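**Q** Got a sequence here, can you build the structure:
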Amino acid sequence: MTKKEINNILKSESGIILLEKESEQSFFESILNNTVSLISAIYFLTRKKLDSLILTEKRILLIVQNKIQLEKKLNGNESLIYNGVKSALEITDQNEKSIIGLNKLRVSYEEGKSIRQKLTEFESRTE
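**A** Below you'll find the model as predicted:
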C-alpha cells in the first residue's frame, strides 16, 4: 500500500495514523544497502517500505512492509485501548473482545504513549 493510497483512505474515512515508521530491512535488502554502488542506491530509494497502524471511523488497518496484514471493520460502538505490556490494541465491543498484536511494528515506549494519546483524541472526536 503506497503513501498515496493511505492518504486517500484517511481523507475519505476521516482517520488518523496511530503509528508510521520505516520497515526493517530483509537480509537481501541490507546486503544491497551496505554495498556502495549506484544500483544499491537506486534500489533502496525505490523500495522504501513503511509499517503503519491506521484508525478510521470504519476500520483499523495494520500495514507491514507496505502490505495490509490486518483489516478490522468497526461499527462505532467499540472501545479501543492500547496495551503497552503486550504491545497490542484491544478492541472491546458489546459482544466480544478482539486483540490485535502489534509486535511486527516494534512499538517503542514513546510510540506507545503517542498511540494512547491519539486514541484518546480520536474517541473524543467521534463522540
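
**Q** which ones are touching Phe122?
**A** Shown in contact with Phe122 (CB atoms under 8 Å, 6 or more residues apart in numbering): Ile16, Leu55, Leu80. The way it works is simple: take the backbone N, C-alpha and C, and place the C-beta from them, glycine included.

**Q** distance of the second one from Lys48?
**A** Spelled out, that is Leu55. Distance, Leu55 to Lys48, by CB to CB, to the nearest Å: 23 Å.

**Q** Could you do Leu18 as well?
**A** Taken as CB to CB, the span from Leu18 to Lys48 is 20 Å.

**Q** Please say which of these two ends up with more neighbours.
**A** Leu18 (26 against 10; other CB atoms under 10 Å).

**Q** Dump the contacts of Phe122 to CSV, plus secondary structure and pLDDT.
**A** As requested, these are arranged in CSV below (DSSP: H, G, I helix; E, B strand; the rest coil; pLDDT from 0 to 100):
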residue, secondary structure, pLDDT
Ile16, strand, 78
Leu55, strand, 88
Leu80, strand, 90
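
**Q** From those residues, keep the buried residues only.
**A** Among these, those classed as buried by 16 or more other CB atoms under 10 Å are Leu55, Leu80.

**Q** from what I can see Lys104 touches Leu53, true?
**A** No - in this structure, Lys104 is not within contact of Leu53 by CB atoms under 8 Å, at 10.0 Å.

**Q** what residues do the two have in common as contacts?
**A** Joint contacts of Lys104 and Leu53 (CB under 8 Å, 6+ apart) are Leu62.

**Q** Compare these two (neighbour count), which wins?
**A** Leu53 (26 against 17).

**Q** tell me which element the more buried one falls in.
**A** Leu53 is part of strand 50-55, with elements assigned from DSSP states H and E.
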